[in-house]
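Trainee: Show me how the following folds:
(one chain, ligands or ions: 1)
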Amino acid sequence: MLLPAAALSYCDSMSHPSAAIIGAGIAGVAAARQLADANWDVVIFEKSRGWGGRCATKRWEGQTIDHGAQFFTIRSEGFRKSLSSHCGDALRTIEAPVMTPEGHVLAGEPRYFHRDGNSRIVRDLGAGLTMHPGTPVEKIDNRTIRGRSFDAVISTAPLPQTLALAGLAPDASAYQPNLTLLLLYSSPVAAHLRDVYAISDPEGTLAWSASENHKPGRVEDGKTALIIQASESFSRAHLEDDPPVWSAALRTLAEDRWGMKADSILASHPHRWRYARVARPTPVPELPEGWIFAGDAAGESRLESAWQAGCEAARILMDG
Ligand SMILES: Cc1cc2nc3c(=O)[nH]c(=O)nc-3n(C[C@H](O)[C@H](O)[C@H](O)COP(=O)(O)OP(=O)(O)OC[C@H]3O[C@@H](n4cnc5c(N)ncnc54)[C@H](O)[C@@H]3O)c2cc1C
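Mentor: Residues are numbered from 1 along each chain as shown. Purely as a prediction, here's the structure:
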């Protein structure tokens, strides 16, 4: 979802209008792609090293792990078309089921992933666009960023960060944090769970735990890679703690749930998502003239929704 900023005046340029996009996550790339296809002059600024944002993939200990968005839906024809023209035949579905801790299968629509890591979706959609990695936008003066003036600015940084950039009071409670733990073992999961992709337990401390082995080619033979996402309450309670404090607790619970042999652990990796998902839809305050926020703050935290928010932001600019 997105909300428009104050009236836009992006026709300063006589030739191609220009837009700065803050963030190379899926919303930013969707917006940039639409504008570039309509001959806008588009530059993406990204503070981290590459594409993806929360659609994150980590090359870790020889494995390829999606430690942000685990999978995605394809509900709209527009999203389907865009993915098929940019990702070719690299999309797959997870065939194994998601279960409750009590062993009931949770039915759901197809769960898609990118063969080479979910961040590749964003990289594929962004192919050919101008993106500056490792380039945080820290200040915007009247739509001038790093010495260049733009006709419009689309910020896809999570809402609290966008508000801070605009000099407005950030509302950190709009998002819930998430503490994520990656675990790698040299042994398999318990026999009765080998055909299970994930266990969803929104009320428990281990809100989500999944075996990345169900994405073929991601995990070396003989190893097991688990992704653990803590509940909102556990994540909030331990957000500022040192990772060893909370990762030890999550690891014990995960080993119990998946029947792992504790002494077969090869590696673990904690990750703190400060703004993981929308906690409650939040109205976006009025932003400076010429700015648009595009992101999940006012709606759902899903890749497809973020993609739609980016497309909608681009459409608002193109429609003038
Ligand atoms: C742990 C986790 C699990 C999830 N699981 C799923 C799932 O299974 N399925 C699903 O559909 N969705 C899932 N989601 C939600 C989904 O990942 C997000 O809704 C989506 O990726 C948001 O995309 P976005 O482009 O709006 O924001 P982001 O991906 O957050 O992109 C914003 C980008 O802006 C950059 N940025 C921020 N500030 C600045 C600045 N000042 N200058 C430059 N760059 C800046 C950031 O580095 C980032 O790359 C999950 C999210 C998390 C965290």
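Trainee: Name the nearest residue to Val105, ignoring sequence neighbours.
Mentor: Beyond its immediate neighbours in the sequence, the residue positioned closest to Val105 (C-beta to C-beta, 6 or more residues apart in numbering) is Pro97, lying 4.6 Å away. Placement of C-beta: from N, CA and C, glycine included.
Trainee: dump the residue contacts of the one you found.
Mentor: Pro97 makes contact with 105-106, 195-197 under the criterion C-beta atoms under 8 Å, 6 or more residues apart in numbering.
Trainee: Go again with 10 Å.
Mentor: Residues touching Pro97, when contacts are defined by C-beta atoms under 10 Å, 6 or more residues apart in numbering, comprise 104-108, 111, 195-199, 214.
Trainee: One more: Arg257?
Mentor: 101, 189-190, 193, 199, 201, 204, 206, 209, 226, 228.
Trainee: Make CSV from those residues and add secondary structure, pLDDT and neighbour count to it.
Mentor: As requested, the contacts of Arg257 are arranged in CSV below (DSSP: H, G, I helix; E, B strand; the rest coil; pLDDT from 0 to 100; neighbours: other C-beta atoms under 10 Å):
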residue, secondary structure, pLDDT, neighbour count
Pro101, coil, 97, 13
Val189, coil, 98, 19
Ala190, coil, 98, 13
Leu193, helix, 98, 18
Ile199, strand, 98, 24
Asp201, coil, 98, 18
Gly204, coil, 97, 16
Leu206, strand, 98, 21
Ser209, strand, 98, 24
Leu226, strand, 98, 25
Ile228, strand, 98, 24
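Trainee: can you list the residues you listed in JSON lines and add distance to the ligand?
Mentor: Converted to JSON lines, the contacts of Arg257 look like this (distance: C-beta to the nearest ligand atom, whole Å):
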{"residue": "Pro101", "distance to the ligand": "19"}
{"residue": "Val189", "distance to the ligand": "20"}
{"residue": "Ala190", "distance to the ligand": "24"}
{"residue": "Leu193", "distance to the ligand": "20"}
{"residue": "Ile199", "distance to the ligand": "14"}
{"residue": "Asp201", "distance to the ligand": "15"}
{"residue": "Gly204", "distance to the ligand": "16"}
{"residue": "Leu206", "distance to the ligand": "13"}
{"residue": "Ser209", "distance to the ligand": "12"}
{"residue": "Leu226", "distance to the ligand": "14"}
{"residue": "Ile228", "distance to the ligand": "10"}
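Trainee: Looking at these, spot the one nearest Leu181.
Mentor: Proximity to Leu181 was ranked across these by C-beta to C-beta; first place goes to Ile228, at 4.3 Å.
Trainee: Just the buried ones from the contacts of Pro97?
Mentor: Buried residues within the contacts of Pro97, counting neighbours by 16 or more other C-beta atoms under 10 Å: 111, 196-199, 214.
Trainee: what about Arg54, how many residues close to it?
Mentor: Burial measure for Arg54: 23 neighbouring residues, criterion other C-beta atoms under 10 Å.
Trainee: for Ala169, same thing?
Mentor: Using other C-beta under 10 Å, the number of residues around Ala169 comes to 9.
Trainee: Flag the shaky bits of the protein, pLDDT-wise.
Mentor: Along the chain, the parts satisfying pLDDT under 70 run over 1-14.
Trainee: Near the ligand, which residues of it? Just list them.
Mentor: 22-28, 45-48, 53-55, 68-72, 136-137, 156-158, 161, 178, 180, 229, 273, 276-277, 295-296, 301-303, 306 (C-beta under 6 Å from any ligand atom).
Trainee: Sort out for me which of those residues are in helices.
Mentor: When helices are assigned by DSSP state H, the members of those inside them are 26-28, 161, 303, 306.
Trainee: Among these, which one lies nearest to Asp151?
Mentor: Looking at those and their distance to Asp151, the nearest is Gly28, at 16.8 Å (C-beta to C-beta).
Trainee: For the closest one, which non-adjacent residue is spatially closest?
Mentor: Nearest residue to Gly28, sequence neighbours excluded (C-beta to C-beta, 6+ apart): Thr156, at 4.1 Å.
Trainee: residue contacts, that neighbour?
Mentor: By C-beta under 10 Å, 6+ apart, the contact list for Thr156 reads 2, 21-32, 44, 46, 53, 162, 292-296, 306, 309-310, 313.
Trainee: Check whether the residue lying closest to Ala262 once chain neighbours are set aside sits in a helix, strand or coil.
Mentor: Computed as C-beta to C-beta, 6+ apart, the closest residue to Ala262 that is not its neighbour in sequence is Glu255, at 5.4 Å. In terms of secondary structure, Glu255 is helix; the call rests on DSSP: H, G, I helix; E, B strand; the rest coil.
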